[in-house]
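> give the three-dimensional model of this entry:
(one chain, ligands or ions: 2)
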Amino acid sequence: MAAKPTIVLLPAWGVGHFMPMIEAGKRMLQCCSSSSSALSLTVLLMPAPTAQAVSDIADHIRREEEAGAVDIRFLHLPPVPLPTDHTGVEEWISRIVQLHVPHIRAAVSGLTCPVAALVLDIFFTPALDVSRDLAVPAYVYFTSGAAMLALLLRSPSLQEEVEGEFEGSVDVPGLPPVPPSFLPETLLDKKSPTYAWFLYTGRRYMEANGIIVNTAAELEPGVLAAIAEGRCTRGARAPTVYPIGPAISLITSPPAEQSQPHECVRWLDSQPPSSVLFLCFGSKGMLPPAQVHEIAHGLERSGHRFLWVLRGLPVDTTMGAREPTDANLAELLPEGFLEKTKGRGLVWPTRAPQKEILAHAAVGGFVTHCGWNSILESLWFGVPMLPWPLAADQHLNAFAVVHGIGAAVPLEMDRERGNYVEAAQLERAVRSLMGGGGGEEGVNKAREKAMEMKRACRHAVEQSGSSHASLQRLSEELVGGAVLPKRGTNSYSF
Ligand SMILES: COc1cc(-c2[o+]c3cc(O)cc([O-])c3cc2O[C@@H]2O[C@H](CO)[C@H](O)[C@H](O)[C@H]2O)cc(OC)c1O
Ligand SMILES: O=c1ccn([C@@H]2O[C@H](COP(=O)(O)OP(=O)(O)O)[C@@H](O)[C@H]2O)c(=O)[nH]1
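Numbering: from 1, shown residues only. Ligands and ions are numbered 1, 2, ... in the order given. Modelled structure (predicted):
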């Protein structure tokens, strides 16, 4: 019997990249399994550059293997020397990927089954060369939202239209005019090499056979239409976009490892419905000590209940390898804070089970750094947000969730001072989100929108939903396009 065609996934290592991409791959397979044309998944793993990422990925692979639901295999690529001189995370990751390109080419050309597609993470544009050389289709899996994709595709023409730095507002078709303070820092310094990376990425995405996005048509209709109509690419036809989300991995540790609910969940069990503000800044989120004090004062004065994931500053400060540490609460928090807020507040010093927390009935609002996965998870559970973006795509995501989706109320911050938020600003915004601050109308709107998006997200992934239909179109295209890769002289045999 001929070997099943395979989809080759090339994920980056962060939790916001690796897990959602595996989840999307599994959904593509499940979509085909109901037809006669089954596919398998082959995941090419670059060695992750931090101990935390290595252990996160190993844990996830173990859970996938234990769940054993789909035909998936993980192949390890050889290590490459990590660059030590670089100007930003995008450049650092892209250079690592570039060093992996020969290994990716050898691995793909060594496959003995037909390849339906190479599916590349946001940062893997250099691997488009492999797809061209081996004549296999390539798709981008965009782990951020369609707003960010629209900006990437639009960036080469913005470069021609806007001389000098951005001022006033920026035209991203499908979004209201975007103030430059909501652009990624990469676009704010046109002389930086990461600016060139942004434009290069935007241009090269046009070579892909399609772009799979972890969003739903109902969440970002305006930007998705703008991309499809060529309004982000000066009338040129962009690759077909497949909104297949929210692709949220809901697999957790096996029951044997969960003898009892997590301490954060047990604490939430004793709180009234919708009363707790949850604060979490993503897998890399860490804040300087002065900012931690401002948050503490703001929370204390707001009088609201809270669950705050507070991480410590990293030990290794190498760019890209910055992982937060477990916080020393006694050192970081203002004196007496824990005693004063006892019973109504919990500060958690290490990673917390974010999805379980957002799913809990006691949670009524989410202060988030606006990583795209965090936004999707908040909407999935119908929790309105207070956006506190820190880096990368997060400022634009914050803009999209306030001004596009409408499920968040804005938080005033000083971006020039490292996204600094004063206690009074936080207090005002928390009261506005959780109640007691007047302006209830705006809050109710965000809350209602979050609930509406919860229903829309859940419907999108059902059999009759838009993301399922998109996934079906994609799967048909993948099955139809499967080819044996050209065999190179440096192929690995698998
Ligand atoms: C893989 O490891 C890291 C990734 C990022 C990172 O950087 C980044 C830069 C941009 O100019 C645009 C981006 O879209 C982007 C995204 C990104 O990764 C995270 O992606 C998640 C899902 O897309 C999520 O949306 C998060 O907000 C992003 O931060 C940054 C980084 O260190 C700062 C990494 O180690
Ligand atoms: O304490 C934490 C911090 C993060 N996350 C998870 O890590 C992912 C973070 O992805 P996101 O895109 O929001 O941001 P990133 O961490 O990539 O900046 C999400 O699935 C979160 O649920 C978590 O479970 N616990």
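> next, give phi and psi for the closest residue to S181 other than its chain neighbours.
Of all residues not flanking S181 in the chain, R415 sits nearest, at 5.3 Å (CB to CB, 6 or more residues apart in numbering). All C-beta spots, glycine's among them, are computed from the backbone N, C-alpha and C. With angles defined as degrees, to the nearest 10, R415 sits at phi -70, psi -30.
> tally of neighbours for R415?
Counted by other CB atoms under 10 Å, the residues lying close to R415 total 15.
> chain neighbours aside, what residue packs nearest to L77?
H103 (4.6 Å).
> where does this protein dip in pLDDT?
For the chain, the stretches with pLDDT under 70 are 1-2, 33-37, 69, 251-258, 316-321, 437-443, 488-494.
> quick check: residues of it near ligand 1?
For the chain, the contact set with ligand 1 under CB under 6 Å from any ligand atom comprises 12-14, 16-17, 89-90, 93, 122, 143-144, 148, 184, 186, 284, 320, 371-373, 391-394.
> mind running it again at 5 Å?
12, 14, 16, 89-90, 143-144, 184, 186, 371-372, 392-394 (CB under 5 Å from any ligand atom).
> mind putting those in a markdown table, distance to F306 and secondary structure included?
Formatted as a markdown table, the residues of the chain next to ligand 1 follow (distance: CB to CB, whole Å; DSSP: H, G, I helix; E, B strand; the rest coil):
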| residue | distance to F306 | secondary structure |
| --- | --- | --- |
| A12 | 32 | coil |
| G14 | 26 | coil |
| G16 | 24 | coil |
| V89 | 30 | helix |
| E90 | 34 | helix |
| T143 | 29 | coil |
| S144 | 28 | coil |
| P184 | 29 | coil |
| T186 | 32 | helix |
| G371 | 20 | coil |
| W372 | 24 | helix |
| A392 | 26 | coil |
| D393 | 26 | coil |
| Q394 | 21 | helix |
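> nearest to W267 among those?
Nearest to W267, judged by CB to CB, of the residues of the chain next to ligand 1 is G371 at 23.6 Å.
> touching, the closest one and N397? I think so.
Yes. Between G371 and N397 there is a contact under CB atoms under 8 Å: 7.5 Å.
> what residues sit buried inside stretch 306-317?
Neighbour-count burial for stretch 306-317 flags 306-312, 314 (criterion: 16 or more other CB atoms under 10 Å).
> other residues contacting that stretch?
Residues outside stretch 306-317 that contact it (CB atoms under 8 Å, 6 or more residues apart in numbering) are 50, 264, 267-268, 276-281, 285-286, 288, 292, 295, 299, 322-329, 332-333, 341, 344-352, 354, 357, 363.
> give me the buried subset of the residues you listed.
50, 264, 267-268, 276-281, 285-286, 292, 295, 299, 323-324, 327, 332-333, 341, 345-349, 352, 354, 357, 363.
> the buried residues of stretch 306-317: which ones sit near ligand 2?
Applying CB under 5 Å from any ligand atom, the subset of these adjacent to ligand 2 comprises V309.
> just the contacts of stretch 306-317: which are in helices?
264, 267-268, 292, 295, 299, 329, 332, 354, 357 (DSSP state H).
> and which of those is nearest to ligand 1?
Nearest to ligand 1 out of these is Q354 (CB to the nearest ligand atom; 13.0 Å).
> show me what from the chain comes close to ligand 2.
Residues of the chain lying close to ligand 2 (CB under 5 Å from any ligand atom) are 15-16, 282-283, 309, 351-352, 354, 371-374.
> try 8 Å this time
Taking CB under 8 Å from any ligand atom as the contact definition, the chain meets ligand 2 at 14-17, 19-20, 143-144, 248-249, 280-285, 309, 311, 348, 350-355, 358, 368-375, 377, 391-392, 394.
> follow-up on the earlier one: what is the neighbour count of the residue nearest to L77?
Around H103 there are 19 other residues, counting by other CB under 10 Å.
> for L250, which non-adjacent residue is closest in space?
Closest residue to L250 apart from its sequence neighbours, by CB to CB, 6+ apart: K355 at 6.9 Å.
> S432 versus that neighbour, what's the distance?
Going from K355 to S432 by CB to CB, to the nearest Å gives 25 Å.
> just Q98 next, same as before
Look at Q98 and S432: by CB to CB, they are 46 Å apart.
> comparing those two, which residue is more hemmed in?
The neighbour count for Q98 versus S432, taken as other CB under 10 Å, is higher for S432 (22 against 16).
> I figured the more buried one was touching A408, is that so?
No. Counting by CB under 8 Å, A408 is not a contact partner of S432; they are 10.9 Å apart.
> check contacts around the closest residue to ligand 2 within the stretch 351-494 of the chain.
Closest to ligand 2 within the stretch 351-494 of the chain is G371: 2.1 Å, counting by CB to the nearest ligand atom. By CB under 8 Å, 6+ apart, G371 lies in contact with 16, 282-283, 394, 397.
> closest to T194 out of those?
Among these, and counting by CB to CB, the member closest to T194 is Q394, at 15.3 Å.
> contacting residues around the closest one?
By CB under 8 Å, 6+ apart, the contact set of Q394 is 369-371.
> let's see it at 10 Å
By CB atoms under 10 Å, 6 or more residues apart in numbering, the contact set of Q394 is 144, 148, 182, 184, 281-282, 285, 368-372, 374-375, 387-388, 419.
> if we can go back for a sec, out of the residues of the chain next to ligand 1, which end up buried?
Looks like the residues of the chain next to ligand 1 have 12, 14, 16, 89-90, 143-144, 184, 186, 371-372, 392-394 buried, using 16+ other CB under 10 Å.
> chain center to stretch 341-356, what's the gap?
Averaging C-alpha positions (CA atoms, centre = their mean, to the nearest Å) puts stretch 341-356 22 Å from its chain's average.
> kind regards, and thank you for your time.
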